[in-house]
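Q: what's the 3D shape of this:
(2 chains)
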Amino acid sequence: MKRSRRSLAIALLASACLLLGLGLGVDARANSVYSLGGLGEPSLAEGARLRALGGAGVAEHGDRTHSFVNPASIAEAQHLLIEGTVIPTYRRVESENFGSETGHETAVPSLRALVRLPADLVIAGSYLVGTNAHFDLLRDENTGTPSTVRIEGRGGLDLIRVSLARKATRSLRLGVDYEIVAGSYHEEWSRDFADTALATARDTLETSFSKHGRWRIGGQYSRGRVSVGGVLETARRLPLTMTQRTAGTLVERRGVSLTIPTGFVAGFSAGFSDRMRVVGQYGRANWDRGSLASDLVDFRAEERYSFGIERGRALDAGGGILNRLPVRVGATLLRWPDLLPVSGATSVAGGTAEVTERALSIGTGFQSHDKGGAIDLSLEVGSRGSKEDFGLSERFVRFAISLQVSDDTWK
Amino acid sequence: MPGFREADVSCSARSHKGLSSAPVPRPRILTLVLALALAAAAPACSKKAEQLVGNEILSRGPDGLGTTVREITPLDRDTYLTTGTTDFGGTLLAGISGGYEAITLLKVASWSLPDTNDASVVVDSVRLEMTLDLKMSIPDMVLELRTAGSVWDTTSVAWPGPSAGSILTSADPLDAVGPFTLDLGGGAFSLVRSWATNPASLNGFVIRRVSGLGVAAFRAGACRFRIVYHSATSTHATVDTAVGTDLFIHSPLVPAATGADTTLILGGLFAPVVAFRAPIDSFTPGFSLDEARVVFRVRGDSPTFADSIFVTVEARGMKNSWTEGTADTAGLGISTTFLDRVVSYQVRDASDTLLIVPIPASLVRSWSSGASVNEGVVLRIGDSFRAPEIWLYSRESSKPPEFRISTTSPPPGRF
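A: Below is the predicted model:
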């Protein structure tokens, strides 16, 4: 009885914490400074546990461990499971001509609920942030009548997934995602003038796209302490509608499409003792020039290299607390798909450069006594962009908190 | 252990199988973690950051982020127009001021009389009572009440109006205590009875100035004839007859506008309006309109307002075409509602006074897109008789009015 009450209290408290984080995250803005052009900052959907391992989760499996990247990873779930992640991020940006600034924000990269169905099927529903295009910018504009321009951008690509998975054999797990690409890009422009005779000019730019879905097919194979996993992603063309509104007028432009490209993810998990294992993953989305015709951004394939080492929990209850806690370290190299105009260029015709992101991560986690709930933490330190190419560079520290509760928690 | 199942005994960190009666320790580490999580989330709320450094990579095409341009263009038409010589407004005027003369005309539809079958009725007084409109000062002058000497009707009456008939009475508004009263005396009752029994014998009444200078103002709709009488049953009784029709006519503005005048006359006793038109370009679709207004300069010799006098200048749209040779507002299709207005306007020092009239953005957009025909705007002053005329420089003068318009081209899209 005490155990149930305690687990419930933990779950409620943690839920409150997560909800608080979600609430704070709603108004969060100003993600990577590079998100003011192109598709926005690519988001890693994984929870803190896999983030600490560099995001290498394609081979992850188990009754309470799963990955967002591979639908097959949920095949061994036994009951109801809910997971959410909150990520406060602190960033320092240094630029050639506009000094340095520090920012922080909170984001919610993913939420998932899954449940086991009859016939050994497991179904899941997920919300994931694909890219984050939040930014806030202030600028003195001296072309024509002097003004101060403020741009507030928000939105990005959001993903809504329905996943279905099943163990095909003792070693083989298969899964499929139907992923709906949602979201939009929204910018509010306001232009204030020193001359009080001029009214503030306000414009709204909205880029929306048809909400179509695509398929993602995943599989995992395990033998002993070794697992391998892979995912294939299909392409989807999304017709765009670009709308500009200001007081008394609306201009709409159609005829441009955004094509979510094909892609794949492959990786492994290899244990070399009861507690130690290494994980690795390579992911690629085949963005290219044809993905979106624009003078302001070009594309290349998005690639993510992930690597991690985990020392698991002690299998017995003995030892000190450090011995009982899992320890995870990881590294990530992410090459953004966006090729943005280089410093001084006003369009891609003037030259482009890619944004490369490097991060090191470390993390741990806690599990409730009944193993129905867990809290995982990770700390990532990294940098992205090049001052030589863009005139600015960014360093960041991300702290991820994931909460996982299952029906065992509520018992 | 017989009688026990795992679920009956709580587990602990030391005995995870639950076969222990030791107290279960509180999950302090989890509490700590939750507290940390809470602390981490709390300060992570939104903060305005990177507002400036982002400019380093803000690339939105060779045309920049949109440009604000102010254009000052001259008007292509302006003139002042009279509104006719007949006024059916809320104020009745009578008197003379300079070249301006106003006459009030009244008509009674049907009369109310004391009981004419009562032989004891004695009429003490027949009088016309008018409520002074205190928006204007009360002049020291004599006004007379006459019958109209010729037929007139509201559809066609205009200056100089009907000829004057028989004089009935006269009075000075400055002597009025309460309403301004023109007392016809008790003897006029027989006249009233004849008007009542034979309405065709009366063409209405005329109130006009006899002597003195100034213009008196009265509230329209508040005039009445009052018959005061006594009888065997009452020592003091009254019967009131409302005046059904009231208006005033005034002399025309001289000289009339030619269309090439260097001065535009706005407001004052003659109540002329100013019509103007500014050409509007066709702008880039999606442009922002930051400013649209017409700036008139007031002539240095324009009459100045008394301290307590303010007016409201209304701008109204026009539907029909017009030229600078047009002399009257009739047929211009002036809107019954105003587009915008300048309130509490006052000419204090004419040498540096401007009249700045905002033009609604929706109207300018409509003109620019061609959705409506740009026939310009007319300016008028409500209750213009309260204030002196405003003399504005016209487009033919050395200080022509300016149409100032500022637009911002639309911002570039994200992609």
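Q: Name the residues of the stretch 201-350 of chain B found near chain A, please.
A: B:P285, B:G286, B:F287, B:S288, B:L289, B:D290, B:E291, B:R293 (Cβ under 8 Å from any Cβ of the partner chain). Bear in mind the C-beta positions are built from the backbone N, C-alpha and C, glycine included.
Q: In a markdown table: these, plus pLDDT, neighbour count and secondary structure.
A: Formatted as a markdown table, these follow (pLDDT from 0 to 100; neighbours: other Cβ atoms under 10 Å in any protein chain shown; DSSP: H, G, I helix; E, B strand; the rest coil):
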| residue | pLDDT | neighbour count | secondary structure |
| --- | --- | --- | --- |
| B:P285 | 88 | 14 | coil |
| B:G286 | 91 | 21 | coil |
| B:F287 | 93 | 22 | coil |
| B:S288 | 93 | 26 | strand |
| B:L289 | 94 | 24 | strand |
| B:D290 | 94 | 24 | strand |
| B:E291 | 94 | 21 | strand |
| B:R293 | 94 | 18 | strand |
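Q: pLDDT below threshold where in the chain?
A: If you meant another chain, say so; for now it's chain A. A:1-30, A:315-319, A:408-411 (pLDDT under 70).
Q: my bad, the chain I had in mind was chain B
A: In the predicted model of chain B, residues B:1-50 satisfy pLDDT under 70.
Q: So what sits opposite the closest residue to A:S184 other than its chain neighbours in the bridge?
A: Computed as Cβ to Cβ, 6 or more residues apart in numbering or on different chains, the closest residue to A:S184 that is not its neighbour in sequence is A:S208, at 4.2 Å. Each beta-bridge partner of A:S208 is listed here, defined by DSSP bridges: A:S184, A:T241.
Q: In this model A:T243 seems to touch A:S208, though I could be wrong.
A: Yes. Taking contacts as Cβ atoms under 8 Å, A:S208 lies within contact range of A:T243: 7.4 Å.
Q: Could you see whether chain A lies near stretch B:389-407?
A: Yes. Applying Cβ under 8 Å from any Cβ, one finds stretch B:389-407 touching chain A at B:R404, B:S406.
Q: buried set for that stretch?
A: B:389-397, B:400-407 (16 or more other Cβ atoms under 10 Å in any protein chain shown).
Q: Strands - which of the residues you listed land there?
A: Counting by DSSP state E, those place B:I390, B:W391, B:L392, B:Y393, B:E402, B:F403, B:R404, B:I405, B:S406, B:T407 in strands.
Q: distance of the fourth one from B:L52?
A: With distances defined as Cβ to Cβ, to the nearest Å, the gap from B:Y393 to B:L52 amounts to 46 Å.
Q: Same check on the fifth one?
A: In this structure, B:E402 lies at 37 Å from B:L52, with Cβ to Cβ as the measure.
Q: Going along the chain, name the helices of the chain.
A: No chain specified, so I'll use chain A. Ranges of helices in chain A, per DSSP state H, are A:2-26, A:48-51, A:321-324, A:387-390, A:407-410.
Q: I was after chain B.
A: With helices called from DSSP H, chain B shows them at B:28-41, B:189-197, B:361-369.
Q: Would you quantify the distance from the residue lying closest to B:R208 once chain neighbours are set aside to chain A?
A: Nearest non-adjacent residue to B:R208, counting by Cβ to Cβ, 6+ apart: B:I103, 4.7 Å away. Going from B:I103 to chain A by Cβ to the nearest Cβ, to the nearest Å gives 45 Å.
Q: what sits against B:I103?
A: B:A94, B:P160, B:G161, B:V206, B:I207, B:R208, B:F248, B:I249, B:H250 (Cβ atoms under 8 Å, 6 or more residues apart in numbering or on different chains).
Q: So which of those residues belong to strands?
A: Checking those against DSSP E, those in strands are B:A94, B:V206, B:I207, B:R208, B:F248, B:I249, B:H250.
Q: Of the ones in strands among the buried residues of stretch B:389-407, which is the nearest to chain A?
A: Relative to chain A, the closest of these is B:S406; by Cβ to the nearest Cβ it sits at 5.3 Å.
Q: returning to that earlier point: dump the residue contacts of the residue nearest to A:S184.
A: Going by Cβ under 8 Å, 6+ apart, the list of residues near A:S208 reads A:S184, A:Y185, A:L240, A:T241, A:T243.
Q: What's the local residue count around the fourth one?
A: By that I understand A:T241. When counting by other Cβ atoms under 10 Å in any protein chain shown, one arrives at 15 neighbours for A:T241.
Q: doesn't A:K211 make contact with it?
A: No. The pair A:T241 / A:K211 is not scored as a contact, 11.8 Å apart, by Cβ under 8 Å.
Q: how about the residues of the stretch 201-350 of chain A that lie near chain B?
A: A:201-203, A:205, A:207, A:240, A:242, A:244, A:246-251, A:253, A:256, A:292, A:294-297, A:317, A:321, A:340-341, A:343, A:345-347.
Q: In ChimeraX, how would I select just the buried ones from the residues you listed?
A: Selection of buried members from these for ChimeraX, criterion 16+ other Cβ under 10 Å:
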select /A:201,203,205,207,240,242,244,246,248,249,256,292,294,295,296,297,340,341,343,345,346,347
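Q: Could you list which of the residues of the stretch 201-350 of chain A next to chain B belong to strands?
A: The strands, defined by DSSP E, take in A:201-203, A:205, A:207, A:240, A:242, A:244, A:246, A:249-251, A:253, A:256, A:340-341 from those.
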